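Asker: When you get a sec, could you give me coordinates for this:
(one chain, ligands or ions: 2)
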Amino acid sequence: AARRLTEPYLAGRSVLVTAGPTREYLDPVRFLSNRSSGKMGYALAAAAAEAGAEVTLISGPVTLEPPPGVQQVQVESAQQMCDATLTRTAATDIFIGCAAVADYRPTRPAAQKIKKGSQGLALELERTPDTLEQISKLADKPFMVGFAAETEHLETNARHKLNSKGLDMIAANWIKAGRGFEVDDNALTVLWHGGKVELPMAPKIYLARGLIKLIAEHYHAKDS
Ligand code: CTP
Ligand code: CA
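Answerer: Ligands and ions are numbered 1, 2, ... in the order given. Modelled structure (predicted):
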């Protein structure tokens with residue numbers, strides 16, 4: 001018999017993960033985006049599948065292959081990510097928002113390539129929808145897990161997001177040179193209402209297994 005990598009903590013449960021950056025176009029050839037390789041979100045999707053869950057991965061543009069057994073939905077903009085997520089939340093037990101979503105988009109994207117002039121160029125931006133906030137407002141919302149990447153006040157900022165976005169759990173990580181983005185290792189401070197745990201520096205796939213185990217424990221405690 002094949003040896004299990006993890007216990008089937010999430011057998012029969014559906015997990016929705018967002019991953020990667022979004023792109024907000026200024027014109028047909030240029031966009032605003034966020035630094036994100038998608039590695040953490042893809043590792044979480046893989047770990048949830050290993051734990052027996054039915055996994056859907058809503059992904060912005062990244063260069064990764066979807067993990068085996070995971071259904072991938074590719075999107076580009078924050079709006080598309082939000083729409084793709086909201087149509088699937090009713091069938092979701094656990095939502096994990098790991099995407100680095102652009103907070104702003106050009107108010108009036110140009111239909112044709114913007115030609116350079118001799119002067120500078122000012123961009124007018126508007127807010128994009130916040131997927132986590134929108135799901136949080138639903139009456140029958142899934143178990144909600146968010147991420148927070150911070151350059152300062154890690155725990156204070158993450159705890160604020162835990163509360164303001166109506167989350168069950170948030171995974172916070174520092175953005176420092178060689179940490180967080182586009183690297184294979186990371187460390188997470190995981191916070192929930194009334195508790196926290198540190199997941200020490202490790203390859204993202206091991207970290208993802210640790211986080212999925214923690215999510216499963218809290219999900220089952222809330223569900224029972
Ligand atoms: N998020 C989202 N939709 C957005 C922005 C963020 O779903 N438009 C989610 C992210 O996937 C993450 C969480 O919200 O799980 C926190 O994202 P973050 O950028 O840290 O928080 P913001 O609320 O956007 O606050 P700020 O960027 O000002 O720190
Ligand atoms: Ca943001």
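Asker: residues from the chain in reach of ligand 1?
Answerer: 18, 78, 97, 99, 101, 103, 128, 130-132, 146-149, 161 (Cβ under 6 Å from any ligand atom). All C-beta spots, glycine's among them, are computed from the backbone N, C-alpha and C.
Asker: So what's the gap between stretch 81-93 and the chain middle?
Answerer: Its chain's C-alpha centre and that of stretch 81-93 lie 13 Å apart, by Cα atoms, centre = their mean, to the nearest Å.
Asker: And stretch 154-174, by the same measure?
Answerer: Worked out by Cα atoms, centre = their mean, stretch 154-174 lies 13 Å from the chain centre.
Asker: just for the protein, where's the confidence low?
Answerer: 1-5, 177-182, 224 (pLDDT under 70).
Asker: just to revisit the earlier point, neighbour-wise, which of the residues of the chain next to ligand 1 leads?
Answerer: The member of the residues of the chain next to ligand 1 that has the most neighbours, counting by other Cβ atoms under 10 Å, is Thr18 with 30 neighbours.
Asker: what are the bridge partners for it, then?
Answerer: Counting by DSSP bridges, Thr18 is bridged to Ile58, Gly97.
Asker: how near is it to Pro200?
Answerer: Applying Cβ to Cβ, to the nearest Å, the value for Thr18 to Pro200 is 25 Å.
Asker: Which one of the residues of the chain next to ligand 1 is nearest to Lys196?
Answerer: Ala148 (12.7 Å; Cβ to Cβ).
Asker: Follow the chain on from the helix or strand that the closest one is a member of and name the next helix or strand.
Answerer: Per DSSP states H and E, Ala148 falls inside strand 143-150. Counting by DSSP H and E, the next helix or strand C-terminal to strand 143-150 is helix 154-164.
Asker: what comes up buried for that following helix?
Answerer: Within helix 154-164, the residues that qualify as buried are 154, 157-159, 161-162, counting by 16 or more other Cβ atoms under 10 Å.
Asker: Pull the contacting residues for the residue nearest to Arg23 when sequence neighbours are not counted.
Answerer: Once flanking residues are discounted, Arg23 sits nearest to Phe31: 4.1 Å by Cβ to Cβ, 6 or more residues apart in numbering. By Cβ atoms under 8 Å, 6 or more residues apart in numbering, the contact set of Phe31 is 23-25.
Asker: closest to ligand 1 among the buried residues of helix 154-164?
Answerer: Using Cβ to the nearest ligand atom, Lys161 comes nearest to ligand 1 of the buried residues of helix 154-164, at 5.5 Å.
Asker: Could you give me the buried positions within stretch 23-37?
Answerer: Within stretch 23-37, the residues that count as buried by 16+ other Cβ under 10 Å are 23-26, 31-34, 36-37.
Asker: measure stretch 175-192 end to end?
Answerer: Using Cα to Cα, to the nearest Å, the end-to-end distance of stretch 175-192 comes to 21 Å.
Asker: the helices in this protein, which residues?
Answerer: 39-50, 78-86, 131-136, 154-164, 204-223 (DSSP state H).
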